[in-house]
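Student: pasting the sequence and the predicted coordinates here, then a few questions.
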Amino acid sequence: MQLSLFATQCAKKKRKVPSYSQFDWNRKLNFLSQTAVQSDLVSEVLPGSIVETYKSGSSSKTDLLGYMSAGANIGVCAIDASKPVLLLIAQYVSAGGKAFIDSGAFRNFKARIQDETFPPLDFDKVFQCYDTVIEASEDIRTLILVAPDEVGEQDKSFQLLCRYQKDVKALHDRGAQIMVPLQKGRLSLTEHYHRCRKLLGFDFICGLPSNAKAVSSHEINQFLIDVSPTSVHFLGTAESGLVHEAKFKSPDTHFTCDATLIRKHIGQNRLLTEMQSQIVDDALCCALHGNGHSRVSDSASWDETEVLGDLTGFIDAMNKNTVRRFALALSTSYREVISCEDNDELWSHLDERNHGYAHHYVMSFVAKECARHISPQVRKSVVQELASLNII
């Protein structure tokens with residue numbers, strides 16, 4: 001049957017063709033590094049425009065090692081940080097590196113908005129985290145610790161400060177810098193600052209929200225004019241118009257801020273993730289062929305020729321958990337693997353268990369273990385490079 005001359009014909013939907021192009025991280029890195037260089041040039045011409053920024057939002061040990069290697073200022077959240085991370089912070093500040101540890105009050109605030117049954121923040125545990133760092137440190141003069149507060153609640157924050165007054169003073173007496181977040185409420189920021197100052201009896205870093213809904217720029221500017229504080233930290237923002245306006249209003253104040261820059265470069269088709277993934281692939285290929293790689297140490301020990309020629313030696317070098325994973329991947333048991341006395345006996349046993357395909361499964365396991373070994377090294381190297389370029 002023919003269609004009428006004036007009949008409406010449904011347009012065929014075009015099939016979406018998947019893209020197989022690889023993310024060009026070198027091009028992206030070059031673009032972002034050029035942008036960072038331009039920013040650095042401005043800082044060289046106008047050194048007074050520089051605002052110290054702490055790199056916050058990452059509690060990963062590998063990422064922190066990358067930041068530390070770059071000499072960056074680091075910010076972590078107490079409730080997210082594991083003990084190994086806290087000990088790393090202690091080591092870093094002892095060597096003169098700058099770090100601040102947030103209590104996690106804002107994180108808890110957001111969680112309780114989503115779920116009213118979510119428990120309030122336990123500040124006793126927060127102070128335990130602080131103590132862990134201090135006890136492991138030789139020098140904490142570059143360490144900033146955030147005092148207890150409740151987001152958006154000025155009077156409740158002051159009550160918490162009263163409750164933990166002795167603990168906060170003890171931290172200060174031991175040499176740490178104390179940051180007191182100043183929340184908006186019935187008192188002006190100036191009035192609230194003075195009562196906190198009187199309660200603690202020492203000068204502290206004033207933590208100010210960067211969100212205009214929390215505290216307006218007018219209120220911040222008025223506070224700076226009234227008080228001219230020694231130090232101010234803008235919470236949760238990179239250098240912005242608000243920060244530079246504040247520097248103009250109070251030129252003798254030392255300003256800092258913290259920003260989570262790393263997260264916007266994590267994910268599919270984003271710089272850090274793609275850069276790490278592609279470098280791991282390259283390093284893995286080098287390692288399996290017995291070649292070294294600039295971002296990985298001891299990669300040549302994974303040479304597939306050496307592994308196949310001396311599989312028992314390779315297994316002897318593994319820890320017990322790795323051998324258990326090997327046995328599971330090769331359809332056998334830990335006991336049976338370690339009971340084999342030489343290569344021939346081991347290969348015979350593995351071939352029997354894997355229908356003659358032991359070689360394939362062994363090399364698949366070796367590749368996965370090699371990737372597991374080199375991936376953290378590559379991640380640290382990538383974070384260090386991007387942090388050194390001030391991209392994250």
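Tutor: Nice, I can see it. Just so it is clear, the model here is predicted, and its values are computed rather than measured.

Student: quick check: closest non-adjacent residue to Lys264.
Tutor: Arg270 (7.3 Å; Cβ to Cβ, 6 or more residues apart in numbering). The way it works is simple: take the backbone N, C-alpha and C, and place the C-beta from them, glycine included.

Student: cool, Val383 as well?
Tutor: Residue nearest to Val383 in three dimensions, not counting chain neighbours: Gly66, with 2.7 Å by Cβ to Cβ, 6+ apart.

Student: check which helix or strand that neighbour maps to.
Tutor: Element membership for Gly66 (DSSP states H and E) is helix 61-69.

Student: do you know the pLDDT at Leu41?
Tutor: At Leu41, the model reports a pLDDT of 49.

Student: would you map the helices across the stretch 101-250 of the chain?
Tutor: 105-114, 123-135, 154-163, 165-173, 189-200, 217-227, 241-249 (DSSP state H, counting those that start in this stretch).

Student: any chance of these in CSV, plus mean pLDDT and mean neighbour count?
Tutor: Below are the helices of the stretch 101-250 of the chain laid out as CSV (pLDDT from 0 to 100; neighbours: other Cβ atoms under 10 Å):
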stretch, mean pLDDT, mean neighbour count
helix 105-114, 91, 15
helix 123-135, 97, 18
helix 154-163, 97, 17
helix 165-173, 98, 16
helix 189-200, 98, 16
helix 217-227, 94, 17
helix 241-249, 85, 16
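
Student: tell me which of those sits nearest to Ala327.
Tutor: helix 123-135 (37.5 Å; Cβ to Cβ).

Student: so who does Leu389 touch?
Tutor: Leu389 is in contact with Leu29, Leu32, Ser33, Ala36, counting by Cβ atoms under 8 Å, 6 or more residues apart in numbering.

Student: what of Pro209?
Tutor: Applying Cβ under 8 Å, 6+ apart, the residues near Pro209 are Pro181, Gln183, Lys184, Val215, Phe234, Leu235, Gly236.

Student: and the contacts of Leu389, which are buried?
Tutor: Neighbour counting over the contacts of Leu389 (16 or more other Cβ atoms under 10 Å) leaves Leu29, Leu32, Ser33 as the buried ones.

Student: rewinding a little: what about the contacts of Pro209, which are in strands?
Tutor: Per DSSP state E, strands hold the following members of the contacts of Pro209: Pro181, Phe234, Leu235.

Student: just give the number of residues close to the first one.
Tutor: Neighbour count for Pro181, taken as other Cβ atoms under 10 Å: 24.

Student: now it: closest residue in space, sequence neighbours ignored.
Tutor: Gly207 (3.8 Å).

Student: over to the second one?
Tutor: Ranked by Cβ to Cβ, 6+ apart and with sequence neighbours excluded, the top spatial neighbour of Phe234 is Cys257, at 4.2 Å.

Student: and that neighbour, what pLDDT?
Tutor: Value for Cys257, per-residue pLDDT: 93.

Student: quickly find the element holding it.
Tutor: Per DSSP H and E: strand 254-259 holds Cys257.

Student: relative to Ile266, how far out is the spatially most central residue of the chain?
Tutor: Closest to where the C-alpha atoms of the chain average out (Cα atoms, centre = their mean) is Ser58, at 1.9 Å. Using Cβ to Cβ, to the nearest Å, Ser58 is found at 10 Å from Ile266.

Student: just to revisit the earlier point, you'd agree the residue nearest to the centre of the chain is in a strand?
Tutor: No. Assigned with DSSP: H, G, I helix; E, B strand; the rest coil, Ser58 falls outside any strand and is coil.
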